[in-house]
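Trainee: quick one, structure for this:
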Amino acid sequence: MAERVLWTSPIVSISVLIGVLAGGCYSTPEGFARRAAKLDCVRFEECARAQFDAEFDDVADCKDEFEDEAIELIDDIEDAGCDYVPEAGRECIHTAYRNRKDCSEDASEEIAAECQGDDIFDCPGGLEPGIPMLPFASP
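Mentor: Numbering: from 1, shown residues only. The predicted model follows:
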């Protein structure tokens, strides 16, 4: 009976659905790479428009390139025996999203602090510090 009440309440149903969708978006390294690439490209377009326009046709073009590069980097990191940490990936994405239109140095530093490879991946011998997972956003 309790399960039926959960799904008949529109507010609870929407909350549960949002929680499931939000939790699943970055649960894999590929999901993280996809979202990170898009947010990095949105910020790149916003904060360095002339350079962005010289390199890409649009955000989708940028995202494709950045996502491919991120997946290659993630594959290398995983080949080294490292495991993706979804909670850290989620924090990185949330920070990048909050700062996607903020071109300040403080925003870049906040993104860089949350989006380092050695935070997002757990490696047996450690991962070399300073590997940015969102390259444009890093100072």
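Trainee: phi, psi of the residue nearest to residue 45 when sequence neighbours are not counted?
Mentor: Excluding its sequence neighbours, the residue lying closest to residue 45 (Cβ to Cβ, 6 or more residues apart in numbering) is residue 52, at 4.6 Å. Where you see a C-beta, it was placed from the backbone N, CA and C, and this is true even at glycine. In terms of degrees, to the nearest 10, the main-chain angles of residue 52 are phi -60, psi -50.
Trainee: select the longest helix from this protein.
Mentor: Ranked by residue count under DSSP state H, the longest helix found in the chain is helix 59-79.
Trainee: buried residues, stretch 98-105. List them.
Mentor: Residues 99-100 are the ones in stretch 98-105 that count as buried (16 or more other Cβ atoms under 10 Å).
Trainee: average pLDDT across that stretch?
Mentor: The average pLDDT within stretch 98-105 is 94.
Trainee: what sits up against that stretch?
Mentor: Contact partners of stretch 98-105, identified using Cβ atoms under 8 Å, 6 or more residues apart in numbering, comprise 39, 42-43, 46-47, 107-108, 110-111, 137, 139.
Trainee: go again with 7 Å.
Mentor: Identification of contacts with stretch 98-105 by Cβ atoms under 7 Å, 6 or more residues apart in numbering yields 39, 42-43, 46-47, 107, 110-111, 139.
Trainee: ok, those residues vs residue 88, which is closest?
Mentor: residue 111 (13.4 Å; Cβ to Cβ).
Trainee: number of nearby residues for the closest one?
Mentor: When counting by other Cβ atoms under 10 Å, one arrives at 27 neighbours for residue 111.
Trainee: likewise residue 76?
Mentor: Neighbours of residue 76 under the rule other Cβ under 10 Å: 11.
Trainee: other SSEs contacting the longest helix of the chain?
Mentor: helix 29-47 (3 or more Cβ pairs under 7 Å, 6 or more residues apart in numbering; DSSP states H and E).
Trainee: tilt between the helix it packs on and helix 59-79?
Mentor: Helix 29-47 and helix 59-79 meet at an angle of 140 degrees, taking axes from the mean of the first three to the mean of the last three Cα atoms, to 10 degrees as the criterion.
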